[in-house]
Each structure stands twice: as C-alpha cells, then as structure tokens.
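S.K.: sequence and predicted structure, then a few things I'm wondering about:
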Amino acid sequence: MSAAIDTATFEVHLPLPPAQTKGERERSAFLRLLPELLATHPGKFVAIHNEQVVDNDQNDIALVQRVHKRVGYVPIHVARVAGQPAVERISGPREIDHPRNYV
C-alpha cells in the first residue's frame, strides 16, 4: 500500500473585476432593452439615463442637447434603434506611405 501524501493547500483570491462606469451601465441597459425598443421606437435615436429610456428623437444631436438640458451634463447613452448594432470603431495607429512611394 502506498502512503497518502498530505500537502498543504492554499487559497487564491483574485481581484474583483472593476465596477462598470455609468456610461457602460447605460450601454448595457440599451442592449437589454433593444428587443422592446425595436417594437416601440424603430429607426429612432433613444437616450438612456439611469438605465431607462428618457427621450427619443429622429435627430441625435437635438436629443443629446435636450436630455443634457433636463438631467445635466452626465454620461448618457444615445443610440439608434436598429436590428443590427452599429459598428463601433476604435482608432489605432495609422500607416502613412512615404511620398517616394507615389511615383
């Protein structure tokens, strides 16, 4: 018979993920509400504040100005209600051709 090996165990405590910012919470709320919004506000822009739709409009700039006037200059999420989410672009380094490459 083999003898049991008794080894010490230890606990690993991983840090908690950082809490979402207000803007991230508003975006998550928009995605959660999107199926309902497709039925009620198709093609319009909606403004999300405190995880609720607070206003809508055909013009996103007018909507942002109106909502900020009402709730103050705080993070909100404004997006068009559409079946496919808008492409989010993140800018990165750009390669610039040297002028001598243009012959």
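M.R.: Okay, I see it.

S.K.: now do stretch 71-90: everything it contacts.
M.R.: 21-23, 26-27, 29-31, 34, 37-38, 41-49, 54, 60, 63-64, 67-68 (Cβ atoms under 8 Å, 6 or more residues apart in numbering). To be clear about C-beta, it is placed using only N, CA and C from the backbone, and glycine gets the same treatment.

S.K.: list the buried residues of the top helix by length along the chain.
M.R.: Assignment by DSSP state H gives helix 22-40 as the longest helix of the chain. For helix 22-40, the neighbour count (16 or more other Cβ atoms under 10 Å) marks 25-27, 29-30, 33-34, 37 as buried.

S.K.: again, but for stretch 44-54
M.R.: Across stretch 44-54, burial judged by 16+ other Cβ under 10 Å covers 44-49, 53.

S.K.: ends of it, what's the gap?
M.R.: Terminal residues of stretch 44-54 are spaced 13 Å apart (Cα to Cα, to the nearest Å).

S.K.: what about that stretch, average pLDDT?
M.R.: Average pLDDT, stretch 44-54: 97.

S.K.: roughly how far out does stretch 64-77 sit from the chain middle?
M.R.: 17 Å (Cα atoms, centre = their mean, to the nearest Å).

S.K.: among the buried residues of stretch 44-54, which lie within strands?
M.R.: 45-49, 53 (DSSP state E).

S.K.: got a markdown table for those, with distance to residue 17 too?
M.R.: What follows is these, written out as a markdown table (distance: Cβ to Cβ, whole Å):
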| residue | distance to residue 17 |
| --- | --- |
| 45 | 30 |
| 46 | 28 |
| 47 | 27 |
| 48 | 22 |
| 49 | 24 |
| 53 | 27 |
